[in-house]
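Enquirer: Kindly generate the corresponding structure for this input.
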Amino acid sequence: MMRDPEKTIGNIIDKVTVSIVGSVDENDFPNAKAMLPPRRREGIKYLYFTTNTSSMRVKQYANNPKACVYFFNQRFFKGVMLKGTMEVLQDHISKEMIWKDGDEMYYPKGVTDPDYCVLKFTAQSARYYSDFKSENFEIK
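Expert: I've put the predicted structure just below:
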């Protein structure tokens, strides 16, 4: 059993170069996509990602906010799946909060680009895998 889930999982999240993000499509099938790591996290409860407003994933989250995010440490073969909901944010404060220099490469019109939005993931539960064992827990 983990002594400090927030620290253990937070360390995994902070070191990843890829996040696997899950959504549910219009036929109720799971979909997974590799994305850049979260731009911001508040503990392990709230994670913020950038994406294109026009993306298939944004449409899926608008129809069904259920989501999961998976992070793993390949070297030590540890991972965590967070389950919860994904919210699409398009307000200026949220967009400004996670904007970084160089994002113009993806969003040419800058922070006000209508094709730029923020995905806010709110975790409800987790499944952590390490040393050939798994453990489930709720996130408060």
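Enquirer: Could I get the full set of strands for this structure?
Expert: Remark: strands assigned in the chain by DSSP state E are 19-24, 30-35, 40-42, 46-52, 66-73, 78-89, 116-130, 133-138.
Enquirer: what about the nearest residue to residue 69 once chain neighbours are set aside, how many neighbours?
Expert: Leaving aside its sequence neighbours, residue 69 sits nearest to residue 82 (Cβ to Cβ, 6 or more residues apart in numbering; 4.9 Å). Heads up, the C-betas are built off the backbone N, CA and C, glycines and all. By other Cβ atoms under 10 Å, 24 other residues sit near residue 82.
Enquirer: Contacts only, for the closest residue to residue 95 other than its chain neighbours.
Expert: Nearest residue to residue 95, sequence neighbours excluded (Cβ to Cβ, 6+ apart): residue 111, at 5.3 Å. Residue 111 sits next to 92, 95, 96, 99, 103 when contact means Cβ atoms under 8 Å, 6 or more residues apart in numbering.
Enquirer: With adjacent residues omitted, what lies nearest to the third one?
Expert: Counting by Cβ to Cβ, 6+ apart, residue 96 lies nearest to residue 111, which is 5.7 Å off, once chain neighbours are set aside.
Enquirer: hmm, back to that, how close does the residue nearest to residue 95 sit to residue 39?
Expert: The gap separating residue 111 from residue 39 is 13 Å, by Cβ to Cβ, to the nearest Å.
Enquirer: Check residue 124 too.
Expert: 21 Å.
Enquirer: again with residue 46
Expert: From residue 46 to residue 39 the distance is 12 Å (Cβ to Cβ).
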